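1. the following block contains a protein sequence and its predicted model.
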Amino acid sequence: MKHFSEISESALRVVDAAEGLIQQRGYNGFSYDDVAKLVGIKKPSIHHHFATKGDLAATVAQRYTHRFREQLLRIEGHHAKAADRLAAYAALFENTYAIDQRLCVCGMLGAEVNSLPAGVTHEVSRFFEVNTDWLATVIADGQRAQQLRPLPEARALAETFLAALEGAMIVSRSSGSARGPAGVAHTFLLSLLA
């Protein structure tokens, strides 16, 4: 599989279309026909860029993780306090959800992990590892600075916060609740403040 930065402009349009479809329907809910219709090309053109649907989905997840990492760096550059960083992190999920109730690409793929090709599961695992590691560092730094409660342990809180945000998207879409990721994050952060 090529790195997403090495693919052509027309292949990127395919990745864009597949990303939206994954966020709305999941991996098993779209086909190359769906992508071809969105992009306005024929199905063989997609196969030219991505031999398999797994290759396409892995590229989508790889690029999504890369963009998320860029956002994490921006958060670090704009916010010094742990609570502010965590609130800005939650806003990433809220902003995604605000676009037609789209869900996190890797959250959607993670729900289907037992039916995904190995390359896709690898990229999904990488997304969650990157996010959990970053959150654990932010929380541990906040605990050391006495900005956040010292317990529970930072990694457990990181996993809980990420799961809460992913779950908030699903529950909000399913129930029509207006609370969404921002509301869940607000409650979570209030419980963490020292």
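-> Done, it's in.

2. how close does residue 122 get to residue 142?
-> Distance, residue 122 to residue 142, using Cβ to Cβ, to the nearest Å: 31 Å. Just so you know, the C-beta spots here come from the backbone N, C-alpha and C atoms, and that holds for glycine as well.

3. so what's the residue count around the closest residue to residue 30 other than its chain neighbours?
-> Of all residues not flanking residue 30 in the chain, residue 21 sits nearest, at 3.9 Å (Cβ to Cβ, 6 or more residues apart in numbering). Using other Cβ atoms under 10 Å, the number of residues around residue 21 comes to 20.

4. correct me if wrong: residue 21 contacts residue 34.
-> Yes - at 5.8 Å, residue 21 counts as touching residue 34 under the criterion of Cβ atoms under 8 Å.

5. circling back: more neighbours: which of residue 122 and residue 142?
-> Counted by other Cβ under 10 Å, residue 122 and residue 142 do not tie: residue 142 has more neighbours, with 24 against 14.

6. for whichever strand or helix holds the more buried one, which positions count as buried?
-> Per DSSP states H and E, residue 142 falls inside helix 118-144. For helix 118-144, a neighbour-count test (16 or more other Cβ atoms under 10 Å) marks 119-121, 123-124, 127-128, 130-132, 134-143 as buried.

7. quick check: which ranges of this protein have low pLDDT?
-> Scanning the chain for pLDDT under 70 picks out 1-2, 178, 194.
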